[in-house]
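Q: Curious how this folds, go ahead:
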Amino acid sequence: MTTRRDLTERNDRALLQAARDVLAEDGAHASVAAIATRAGVGIGSLYRRYKTKEELFQQLSLLSLDHWNEAAEQGLADPDPWAGLAAFIRGCVEFGQGSLAPVAGTIEVTQEMSAKARRGDELLDELVRRAHRADVLRKEVTSVDISLLIEQLGRSPLVDQLRKQGRDDLLPAAAEARRRLIAIALDGLRPGHDPLPGSPPGQELFTDRWSRQ
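A: Presented below is the predicted three-dimensional model:
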């Protein structure tokens, strides 16, 4: 028997997926109506649960942070440091992690969001430290490098375009091409390549973006 809580959780998952898709297309100007339509959720029921667009995005941010942390914990549970890190990255990329970045700086960061983000940073730091200790990750690669890589790979312009065009016939090939690019990127994290250009990126690339100006 489906309970109200089950329905709420199912709607939240649908809204998160819809928000990722709509934000990929429309950026920070994505409307609540467009997200609700994509999720198959009535705008009236959405506003009964979330009083404002900001409240909706705060909840979606929490769900996204939960996925990040769960993926990191699963990665750390793998006894193989490289397999654990690679599985974490692939899981986050395929989930579309980082797709809520367009709303950075437009919503208030709640204490719960901050706490979960700090936990996520700690988990990723440990994944990276463990991989460095095992010499399976370039020494110059940092946690911020990994976070930025996930954000860059978290959406595929090709897949987004084909979906918008309704070209379902080409989507399987596009998905396979995306998996190949992810594998190429992961291989680039391994030792034995030319040095990376420039200095390591700082954490402010994430924290400062979420601060309201």
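
Q: Please count neighbours and contacts with C-alpha atoms only from this point.
A: Fine.

Q: Can you list the buried residues in stretch 70-81?
A: With burial defined by 16 or more other C-alpha atoms under 10 Å, the residues of stretch 70-81 counted as buried are 71, 72, 73, 75, 76, 81.

Q: Show me what the longest helix anywhere in the chain packs onto, helices and strands only.
A: What stands out as the longest helix in the chain, according to DSSP state H, is helix 53-77. When contacts are defined as 3 or more C-alpha pairs under 8 Å, 6 or more residues apart in numbering; DSSP states H and E, helix 53-77 sits against helix 4-26, helix 81-95, helix 111-133.

Q: which other residues reach the following helix or strand past the first one?
A: Read that as helix 4-26. Heading C-terminal from helix 4-26, the first helix or strand you meet, by DSSP states H and E, is helix 32-39. The contact list for helix 32-39, computed with C-alpha atoms under 8 Å, 6 or more residues apart in numbering, reads 11, 14, 15, 17, 18, 19, 22, 42, 43, 46, 53.

Q: circling back: got the angle for the longest helix of the chain vs helix 32-39?
A: Computed by axes from the mean of the first three to the mean of the last three C-alpha atoms, to 10 degrees, the angle separating helix 53-77 from helix 32-39 equals 50 degrees.

Q: and the angle from helix 53-77 to helix 81-95?
A: Relative orientation of helix 53-77 versus helix 81-95 (the same axes, to 10 degrees): 160 degrees.

Q: Out of the contacts of helix 32-39, which is nearest to residue 166?
A: The closest of these to residue 166 turns out to be residue 22 (C-alpha to C-alpha; 15.2 Å).

Q: Give me the phi and psi angles of the most centrally placed residue in the chain.
A: In the chain, the centroid-proximal residue (C-alpha atoms, centre = their mean) is residue 97; its distance is 0.8 Å. Phi and psi for residue 97, reported as degrees, to the nearest 10, are phi -60, psi 140.

Q: which residues does it contact?
A: 64, 68, 150, 151, 154.

Q: Could you measure from it over to residue 139?
A: Separation of residue 97 from residue 139 (C-alpha to C-alpha, to the nearest Å): 24 Å.

Q: Quick check: residue 68 touching residue 92?
A: Yes. Between residue 68 and residue 92 there is a contact at 6.5 Å, judged by C-alpha atoms under 8 Å.

Q: So which of those two has more stuff around it?
A: Between residue 68 and residue 92, counted using other C-alpha atoms under 10 Å, the more crowded position is residue 68 (26 against 23).
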